[in-house]
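> dropping the sequence and predicted coords here.
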Amino acid sequence: MPPEALANLAAVPFYRAPLHLAVGMFDGVHQGHQAVIRLAVAAARAAGGSAGVLTFWPHPSVVLRPASPTRVMQDPSAKAEVLRRLGVDLILTEPFSAGIADVEAEDFVTWLRARLPGLAGLYVGENFRFGRARLGEVALLAQTGRAAGIAVVVSPPVQVDGAPVSSTRIRALLVAGEMGAVAGLLGRPYESCGPVVPGKRLGRTLGFPTLNLVWSPPAAPRFGAYAVRVRGASGQARPGVANYGLRPTVERATEPRLEVHLLGECPWTEGEMLTVEWERFLRPERAFPDVAALRGQILQDCAAARSALGLPPA
């Protein structure tokens, strides 16, 4: 079954048993998450079965503490794109609800087994919590799994620079614009995906035409200029300089926008889906006294981006 066929537990597509299932929110799909998922994929391949991921949307905090929900890095579509690259066969995105939150921890495995009869293994991180009030810990999961004939495999935390990789740690680095450190925890460059939409063509009047992307995750990087690489459907990367923010010099915006100026020919047009890989933070966003000063800064940004991306001067 192709992983593009996303489903939830109310409408699970056909899968080849035995099913080896990684369970978690997996926001960002960072290196720690990848370790869990790769265990499930390896076991499924060895058994001739299917590798699945069960995740949730919205984030459980939206239901459990709506006044202060976690600011997530990915929507289900962006998360699924990364999961596909890990060799997952089945992606289940379960709507998180008060009903799920009320499942007793002791009943969690039974609840899953009733919906996934071919379930043979559960794969989680060491800090996985489940059940009412999040009282369930991995020891209970192993105990109840054993009673149901389901293997439970716990992946230890992955450490980078002497500290465990976590989504919370990555969100803090995004706010600081530390894209190199973010990439180190993710195991890949930070990415944003979205369609190209019409802009106000202000960049074109300055001599720097931009691609304007629809993209607005709750947990987003620091406002400012970045060296980036852009990929289209063909997968070929093209270097660029991006600005993410409110554009205070040219308009009074209330919603941030991602604009990318390619350092070379642009092969893409409006409506195409692009992926932007954020390589390095160049400077914070600020207001300039006039458009001439802004244009001068963009020239400097382009030069800085070329250097950051290992390109010769223009």
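On my side now, so go ahead.

> strands paired with the helix or strand harbouring residue 229, and their directions?
Residue 229 belongs to strand 224-231 when assigned by DSSP states H and E. According to DSSP bridges, strand 224-231 forms sheet pairs with strand 237-245 (antiparallel), strand 273-284 (antiparallel).

> and the longest one, what's buried?
Read it as strand 273-284. Across strand 273-284, burial judged by 16 or more other Cβ atoms under 10 Å covers 274, 275, 276, 277, 278, 279, 280, 281, 282. Every residue, glycine included, has its C-beta placed from N, CA and C.

> next one: stretch 100-114
For stretch 100-114, a neighbour-count test (16+ other Cβ under 10 Å) marks 100, 103, 105, 108, 109, 112, 113 as buried.

> show me what contacts residue 298?
206, 208, 241, 261 (Cβ atoms under 8 Å, 6 or more residues apart in numbering).

> try it again at 10 Å.
By Cβ atoms under 10 Å, 6 or more residues apart in numbering, the residues touching residue 298 are 203, 206, 207, 208, 210, 225, 241, 243, 261, 288.

> now do the SS call for the spatially closest residue to the third one that is not a sequence neighbour.
So the one you mean is residue 207. In space, and not counting its chain neighbours, residue 207 is closest to residue 295: 6.9 Å by Cβ to Cβ, 6 or more residues apart in numbering. What DSSP: H, G, I helix; E, B strand; the rest coil gives for residue 295 is helix.

> what count of nearby residues applies to residue 295?
Look at residue 295: counted by other Cβ atoms under 10 Å, it has 15 neighbours.

> tell me who's in contact with it.
Contacts of residue 295 (Cβ under 10 Å, 6+ apart): 203, 205, 206, 207, 208, 288.

> kindly report the same for residue 48.
With contact taken as Cβ under 10 Å, 6+ apart, residue 48 is in contact with 16, 17, 18.

> now the first one: how far from residue 124?
In this case it means residue 16. Per Cβ to Cβ, to the nearest Å, residue 16 is found 22 Å from residue 124.

> what's the answer for the last one, then?
In this structure, residue 18 lies at 17 Å from residue 124, with Cβ to Cβ as the measure.

> pick out whichever of those two has more residues nearby.
Each of residue 18 and residue 124 has its neighbours counted (other Cβ under 10 Å); residue 124 has more, 22 against 18.

> packing partners of the helix or strand that contains that one?
Here residue 124 sits within strand 119-125, counting by DSSP H and E. When contacts are defined as 3 or more Cβ pairs under 10 Å, 6 or more residues apart in numbering; DSSP states H and E, strand 119-125 sits against strand 19-23, helix 31-47, strand 50-57, helix 108-115, helix 138-147, strand 151-155.

> any chance of those in JSON lines, plus mean pLDDT and distance to residue 70?
Compiled in JSON lines, the helices and strands packed on strand 119-125 are given as follows (pLDDT from 0 to 100; distance: least, Cβ to Cβ, whole Å):
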{"stretch": "strand 19-23", "mean pLDDT": "98", "distance to residue 70": "17"}
{"stretch": "helix 31-47", "mean pLDDT": "98", "distance to residue 70": "15"}
{"stretch": "strand 50-57", "mean pLDDT": "97", "distance to residue 70": "12"}
{"stretch": "helix 108-115", "mean pLDDT": "96", "distance to residue 70": "21"}
{"stretch": "helix 138-147", "mean pLDDT": "98", "distance to residue 70": "21"}
{"stretch": "strand 151-155", "mean pLDDT": "98", "distance to residue 70": "21"}
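
> now stretch 144-156: how far from the chain's centre is it?
Centroid separation between stretch 144-156 and its chain, computed with Cα atoms, centre = their mean, to the nearest Å, is 27 Å.

> please apply the same query to stretch 200-218.
Counting by Cα atoms, centre = their mean, stretch 200-218 is centred 23 Å from the centre of its parent chain.
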